[in-house]
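Trainee: Build me a model from this:
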Amino acid sequence: MLITTRLLSVVLLILPVLLQAAPKFDVHLHYKWNQQEITSPQDVIAVLDANEIEYAAIIGTPAELVQELRKQNPERILAWYGPYREHGDWYQWHQDKTLPERARKALTSGDYIGVGELHLVGGFSPTPTSEVITGLLRLSAETQTPMLIHVEFGRADYLIELCRIEPDAHLLLAHAGAPLRPREVRRALEACPNLWWELSARDPLRYTGSPIVDEDGVLKPKWKALILDYSDRA
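Mentor: Numbers count the residues shown, from 1 in each chain. Down below sits the predicted model:
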């Protein structure tokens, strides 16, 4: 009992140090052409410094724009290959049959860690077996690089179908499923061992249909349970 008490005391003493030592990693940031007009690459690094972000995965629009940030610090800035070249691409990217090959060239260049953010919006999305989507899924499986997926559906069925089409693809679910409620996110994670998730922009002002915290800023029970149960994939 004495040994256990001493061990617990040591853990409690060093825990704050361990938490402080853990690096902060922002996995989902954007840097767009209209942001560049007022925020220089140097300004971006300064913002990361001010928020103590040691590593940042950033999406450029157009994709090449993020390389301006990598020039500042190539080890700190990790670049997603953003597929959008025009304003309307966020809902029509899946019609561009050149995208899988463009993404392949980007990944093989060594300048990008994965592909995304890819928006799949109800009413605009094609079938999961469409040529462009299956091509990107195969590319993810072949190169073992992630695809950042943003879904705008009320149910997880479409997402689960993507996982099953290519079980070796690495899928990262943006915003913890955006409008998906915790039971649907759980259903997707249970069905898809190749699915990871992240909590960026998961704020109650944006996703009012399924807020992650209550009025006091405390995690809601179902979200808390989900985070604890799938912390190894968050």
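
Trainee: Walking through this protein, point out its strands one by one.
Mentor: For the chain, applying DSSP state E gives strands covering 25-32, 55-61, 77-81, 114-121, 146-152, 170-173, 195-197.

Trainee: So what are the sheet partners of the shortest one and their directions?
Mentor: Same thing as strand 195-197. strand 170-173 (parallel) (DSSP bridges).

Trainee: could I get the strand it pairs with in PDB with only the CA atoms?
Mentor: Taking Å, rounded to 0.1, in the frame of the first residue of the first chain, the C-alpha atoms of strand 170-173 are listed here in PDB:
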ATOM      1  CA  HIS A 170      -6.800   5.600 -44.600                       C
ATOM      2  CA  LEU A 171      -9.800   7.900 -44.000                       C
ATOM      3  CA  LEU A 172      -9.800  10.900 -41.600                       C
ATOM      4  CA  LEU A 173     -13.200  12.200 -40.700                       C
END
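
Trainee: what's the weakest-modelled helix or strand in the protein?
Mentor: One helix or strand of the chain scores below all others by mean pLDDT, DSSP states H and E: helix 2-21, with a mean of 39.

Trainee: Deepest-packed of the strands of the chain, please.
Mentor: Most buried of these by mean neighbour count (mean count of other Cβ atoms under 10 Å) is strand 77-81; its value is a mean of 24. Yep, even glycine has a C-beta here, placed from its N, CA and C like the rest.

Trainee: Output the contacting helices and strands for it.
Mentor: Packing partners of strand 77-81 (3 or more Cβ pairs under 8 Å, 6 or more residues apart in numbering; DSSP states H and E): strand 55-61, helix 66-70, helix 99-108, strand 114-121.

Trainee: cutoff 10 Å now
Mentor: Using 3 or more Cβ pairs under 10 Å, 6 or more residues apart in numbering; DSSP states H and E as the contact test, the elements touching strand 77-81 are strand 25-32, helix 41-50, strand 55-61, helix 66-70, helix 99-108, strand 114-121, strand 146-152.

Trainee: The third one vs strand 114-121, what angle?
Mentor: This points to strand 55-61. Interaxial angle, strand 55-61 versus strand 114-121 (axes from the mean of the first three to the mean of the last three Cα atoms, to 10 degrees): 60 degrees.

Trainee: which residues touch the one residue sitting closest to the centre of the chain?
Mentor: Nearest residue to the geometric centre of the chain (Cα atoms, centre = their mean): residue 174, 4.4 Å. Going by Cβ atoms under 10 Å, 6 or more residues apart in numbering, residue 174 touches 27-28, 116-119, 148-151, 197-202.

Trainee: And residue 195, by the same measure?
Mentor: Contacts of residue 195 by Cβ under 10 Å, 6+ apart are 149, 156, 159-160, 162-163, 169-173, 185, 188-189, 230, 233.

Trainee: Okay, and the beta partners of the residue nearest to the residue nearest to the centre of the chain when sequence neighbours are not counted?
Mentor: Leaving aside its chain neighbours, residue 174 sits nearest to residue 150 (4.2 Å; criterion: Cβ to Cβ, 6 or more residues apart in numbering). Beta bridges link residue 150 to residue 119 when assigned by DSSP bridges.

Trainee: got a list of what residue 150 touches?
Mentor: 28, 90, 116-121, 172-175, 177-178.

Trainee: among these, which one has the lowest pLDDT?
Mentor: Among the contacts of residue 150, residue 90 has the lowest pLDDT, at 88.
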